[in-house]
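> Dropping the sequence and predicted coords here.
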Amino acid sequence: MPYIANTDEQRRQMLATLGLDSVDELFADVPPELRCGELDLPAGHPEQEVGQQVARLARHNTAGLVSFLGGGFYDHFIPAAVDALASRSEFYTAYTPYQPEASQGTLQAIYEYQTAICRLTGLEVANASLYDGGTAVYEAMMMALRVTRRNRVIVDEALSPIYRKMVRSYTRNLGIELVETPSRAGLADRDAIAEAIDDKTAAVIVQNPNFFGCIDDASDLAEMIHDAGGLLVASVYPISLGLLKPPGEMGVDIAVGEGQSLGLPLSFGGPYLGFMAARKKHMRKMPGRIVGRTTDAQGRDGFVLTLQAREQHIRREKATSNICTNQGLCALRALMYLSMLGKAGLPELAQRCADKADYARRRLLDVPGVTMRFPNRWYFNEFVLNLPVAADKVIRGLFQRGLAAGFPLGRYWPEMNNSLLLAVTEKRTKEDIDFLAHTLDVILR
Amino acid sequence: MAFQDKPMTLIFEKSVPGRRATRNVDRDVETPFTIREDLLRDAPAELPELSELDIARHFTELSRRNFGVDTGFYPLGSCTMKYNPKVCEQAAVMPGFADLHPLLPQLPGGEMLVQGALAVLHEMDLMLRAICGMGGFTLQPLAGAHGELTGAMIIAAYHRDRGNAKDVILIPDSAHGTNPASAAIAGYDVKTIPSDPHGLMDVDALREHLDDKVAGVMLTCPNTLGLFNPRVKDIADLVHGVDGLMYYDGANLNALLGRCRPGDLGFDIVHLNLHKTFAAPHGGGGPGAGPVGVVERLVDFLPTSVVVAHDDGTYTLDYDRPKSIGYVAPFYGNFGVILKAYTYLLSVGRDGLAAVADNAVLNANYVAAKLREHYDVAVDGLCMHEFVASASRQAAHGVRAIDVAKALIDRGYHPPTVYFPLIVDEAMMIEPTETEGKETLDAFVAAMGEIAELAKSDPEALHAAPTDTPVGRLDETTANRKPDVAAPC
């Protein structure tokens, strides 16, 4: 079903208007030797069969796993209103709001999203979103280079290893000096960072809570890098900001993060949402779309894409970024989610996650041989356990009992083969946690 | 459009202190956990305090102030605003896909738990190869421009591997702005090649700029004037002569589906926009998806990971790719968007795909022919899936492309892309797409004709447009000079 409206009769009439006999004549500019034969594709199918085929593939994926997997991507509950309201096709079938009078819905929603991100992060300006948390880290780094006109960046090891890989890929041809400093006992190593900072350092990049789940207040790092004339960039988990000190209060200059936990399904890796907030003085160096509030001739408030002189369609090779599309619909969902949770609901949800994670820690530490990888740290909803055996050894067994126990850190840190990263959201019950502890105990015996 | 006149307030301004929309699950563990106080925030973020009904009304009201493809004709040139079938939306929210954690396949034994998803990625790769004549695809890039950046990184990896010292990418002046921006961000110097009077890459001008420093050439085909360059193969031969790579900007692939393939035209790297050509919705500016395909000799440079299909019918992910450019996205791309495009391709199939291009090109030519009575059109003969009209005749009466655009909004149409490409004065780039029927096109042409008449008789009426919208033309200068990008607390 190709979703074509014209009938044969209409096509005949249209060709007659053009003075042509067949559609083939419209392709006269394509030299015959460059044309292709019939494509090697399956034939089209009616909707009923298409739906069945896709549903069959969906059933080839696991269902009903009790999951303690996090690592930056979390299984939070999504209120029905988010799906229902974001499904209004006036939102999802629109393009980037180039014509503001016909796009006030999208534009106002993005302005409200920007406002919500500013309030959550404690910073003054936010953009209309970036692709995901990893590209947001990369864009924040590039922005810091533009602001400082420097060329050296320090990255804490406890920034997501996936994001560190992305940053390395993106900077490979750019002659940027990337320095990775090791973390110490689960936190950014202050001494190593102090030593690495010099007068060419544009930014220090950290994460809070970091990849190991440890809460790492970066206030002292902010002071350190500011003294050297650079910026502090932090990647943050937005749900944690229901409770934790916002980056703006720590002295962070550019806060970014993965917005998936704000009402977006895990969906095997996307579409997600990169958010970015910064200080007002750096606004004109920001990448991506930004919506501003203004007025029309009658004095009515309205919203427009603004500060476009930064962007690729105006500046071409001199633009602050090549970004055209943002994640408009995902930003809309994040705004809906934050509105549904609300001022009281978000801290309450964050507290619920922290409570359950604390319970999980205590239950799992009762299992003989299980210890904390980073003891004496403060955690939000994620933490690293050390097992008496390689984490890989227990994961299969737990799968067979319907449990995704967590992420084995040995994949990115060979020396942490026995370490397992676990996340607990409000969707995991006390029974789930007890079942995990019991099953781990059985498997380890 | 059914717009309302009452002024819209911000969702934050509707807050009633103490009001709630959700009830969180009760604490089922015995004790609350207290995080050390100095690590906590002093006060909760000032998020809205509303009921679910308040929120439903707010967003329903916002949606009524928006124009989508489902609202009306949306001939936004180069954006391919075709209809987004509902079956594709349904596919993307199936629990077996929507609930899948992307880290699962990185766990031992985890790949076997996501076989359906890996099958989608692999089959999508195969279908896109067949459509484009390429040797392999990555589905990782998260948008079209992200695909361009990925392509430019692959160009760099290829030359690094060959020991070539090349630092220039050539781009025609008619290109989308993302092309030069992407090449520059990947570390290249961008040189602009002037177009001939038809907006086609001038082969002589190309020869002039072509030397050993040239890493590649980025082209859109058909170009932004909607013309197929019959000399594209000659251009490719010239570029390959200096060991440069040919990059295909897939924004306009809709015109060529099932008629010819970028690989056969001499292109080495292509990016596609699944949210244009393959009917995934644009979402009010994303999420998109920008898969990148390469010819066989470049497959080793594709991003990590890559899905591998085994003889026993299972799939795994290959992370051990020494020549790969690395990760451009955290996982496998915008999977939900890929799933929509996959569903679309299953529905359309090989027979339907050629009909898509045929009708897209027929619709564009039909509108162009009908509009010539009232407007200049940038090229004389046939076009492909889109064309560029100009308000230059109307400019004599003081009416500009922007005025025509705003008058179209009052008549229930989304305007064309205006003031692009930069090589046409008062440009209005029109792309009807294949999903529109003749009667819609006729009505649009009539509205454009009426506006052209008004331009002569009452230009002031056009300067005042739009009037049938919640706001009139907005003061963008003040928005730029005194940016208000977030509501104060």
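Noted; the coordinates are in hand.
> Please count neighbours and contacts with C-alpha atoms only from this point.
Fine.
> top strand in chain B by residue count?
strand B:214-220 (DSSP state E).
> need the next SSE after it, C-terminal direction.
Where DSSP states H and E defines the elements, the next helix or strand beyond strand B:214-220 is helix B:232-241.
> Can you give me the buried ones in that next one?
Buried residues in helix B:232-241, counted by 16 or more other CA atoms under 10 Å in any protein chain shown: B:232, B:233, B:235, B:236, B:237, B:238, B:239, B:240.
> For the helix or strand following that helix, give me every contacting residue.
Sequence-wise, the next helix or strand downstream of helix B:232-241 (DSSP H and E) is strand B:245-249. Residues from elsewhere that reach strand B:245-249 (CA atoms under 8 Å, 6 or more residues apart in numbering or on different chains): B:148, B:151, B:155, B:215-221, B:236, B:239-240, B:262, B:266-272.
> what's the spacing between the lowest-mean-pLDDT helix or strand in chain A and its chain's center?
Lowest on mean pLDDT, DSSP states H and E among the helices and strands of chain A sits helix A:312-315, with a mean of 82. The chain centroid and the centroid of helix A:312-315 are separated by 25 Å under CA atoms, centre = their mean, to the nearest Å.
> what about the longest strand along chain A, near chain B?
If you go by DSSP E, chain A has its longest strand at strand A:201-208. No. Using CA under 8 Å from any CA of the partner chain, strand A:201-208 never reaches chain B; the gap is at least 10.8 Å.
> That strand packs against which elements?
Other helices and strands packing on strand A:201-208, by 3 or more CA pairs under 8 Å, 6 or more residues apart in numbering or on different chains; DSSP states H and E, are helix A:133-148, strand A:152-156, strand A:231-236.
> Only alpha carbons, please: show the helix or strand just after the shortest one as CSV.
In this case it means strand A:152-156. As assigned by DSSP H and E, the chain's next helix or strand after strand A:152-156 is helix A:161-171. What follows is helix A:161-171, C-alpha atoms only, in CSV (Å, rounded to 0.1, in the frame of the first residue of the first chain):
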residue,chain,number,x,y,z
PRO,A,161,31.9,5.1,28.9
ILE,A,162,29.5,5.1,26.0
TYR,A,163,29.6,8.9,25.9
ARG,A,164,33.4,8.9,26.2
LYS,A,165,33.6,6.7,23.2
MET,A,166,31.2,9.0,21.3
VAL,A,167,33.3,12.1,22.2
ARG,A,168,36.5,10.3,21.0
SER,A,169,34.9,9.4,17.7
TYR,A,170,33.7,13.0,17.0
THR,A,171,37.0,14.6,17.9
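> From the rest of the structure, what touches helix A:161-171?
Taking CA under 8 Å, 6+ apart as the rule, helix A:161-171 contacts A:133-135, A:137-138, A:155, A:178, A:211, A:412, B:153, B:186, B:325-330.
> Give me the pLDDT for residue 338.
You didn't pick a chain, so chain A it is. pLDDT for residue A:338: 98.
> if you could check chain B rather than the one you did, that'd help
The model reports residue B:338 with a pLDDT of 98.
> Tell me the secondary structure at residue A:178.
Following DSSP: H, G, I helix; E, B strand; the rest coil, residue A:178 is assigned to strand.
> For stretch B:16-36, what is the distance to the chain centroid?
The answer for stretch B:16-36 is 41 Å, by CA atoms, centre = their mean.
> what do you get for stretch B:10-18?
35 Å.
> Now residue A:77: closest residue in space, sequence neighbours ignored.
Spatial nearest neighbour of residue A:77, chain neighbours left out: residue A:427 (6.5 Å); criterion: CA to CA, 6 or more residues apart in numbering or on different chains.
> Near that neighbour, how many residues? Count them for me, please.
Using other CA atoms under 10 Å in any protein chain shown, residue A:427 has 17 other residues around it.
> what helix or strand is it on?
Assignment of secondary structure by DSSP H and E places residue A:427 within no helix or strand.
> give the contact list for it.
A:75, A:76, A:77.
> now the helix or strand hosting residue B:119: mean pLDDT?
Residue B:119 belongs to helix B:115-132 when elements are defined using DSSP H and E. The average pLDDT within helix B:115-132 is 98.
> For it, which residues meet the burial criterion?
Counting neighbours by 16+ other CA under 10 Å, helix B:115-132 gives B:115-122, B:124-132 as buried.
> when you scan that helix, is anything in it near chain A?
Yes. With CA under 8 Å from any CA as the criterion, chain A is reached by helix B:115-132 at B:115, B:116, B:117, B:119, B:120, B:127, B:130, B:131.
> Which elements pack onto that helix?
Partner elements for helix B:115-132 (3+ CA pairs under 8 Å, 6+ apart): helix A:47-59, strand B:136-138, strand B:292-294, strand B:306-309, strand B:315-318, helix B:335-371.
> still on that earlier bit, please work out which of the helices and strands packed on strand A:201-208 is packed deepest.
strand A:231-236 (a mean of 28; mean count of other CA atoms under 10 Å in any protein chain shown).
> Against residue A:209, how distant is residue A:406?
17 Å (CA to CA, to the nearest Å).
> meant to ask about residue B:14, not that
32 Å.
> same deal with residue A:349?
Plainly put, residue A:349 is 16 Å away from residue A:209 if you go by CA to CA.
> wait, what's in contact with residue A:439?
A:398, A:401.
> Mean confidence (pLDDT) on the helix or strand containing it, please.
Assigned by DSSP H and E, residue A:439 falls within helix A:430-444. For helix A:430-444, mean pLDDT is 98.
> Check stretch A:145-153 too.
Here the average pLDDT along stretch A:145-153 is 97.
> Over to stretch B:42-61?
Average pLDDT, stretch B:42-61: 98.
> mind giving me the domain split of the chain?
Going with chain A. A:8-59, A:66-76+A:342-444, A:80-336 (automatic domain parsing).
> wait, chain B
According to automatic domain parsing, the domains of chain B span B:1-65, B:89-347, B:352-476.
> how far does stretch B:99-114 stretch from start to finish?
End residues of stretch B:99-114 are separated by 11 Å (CA to CA).
> typo on my end, stretch B:319-331
11 Å.
> circling back: mind putting the domains of chain A into JSON lines with distance to residue B:198?
Below are the domains of chain A laid out as JSON lines (distance: least, CA to CA, whole Å):
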{"stretch": "domain A:8-59", "distance to residue B:198": "13"}
{"stretch": "domain A:66-76+A:342-444", "distance to residue B:198": "49"}
{"stretch": "domain A:80-336", "distance to residue B:198": "21"}
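> Go through those and pick out the most buried.
domain A:80-336 (a mean of 23).
> where does the closest residue in space to residue B:46 that isn't next to it in sequence fall, phi/psi-wise?
Closest residue in space to residue B:46, ignoring its immediate chain neighbours: residue A:343 at 5.8 Å, by CA to CA, 6+ apart. Phi and psi for residue A:343, reported as degrees, to the nearest 10, are phi -60, psi -40.
> contacting residues around residue A:343?
Counting by CA under 8 Å, 6+ apart, residue A:343 touches B:44, B:45, B:46, B:47, B:48, B:49.
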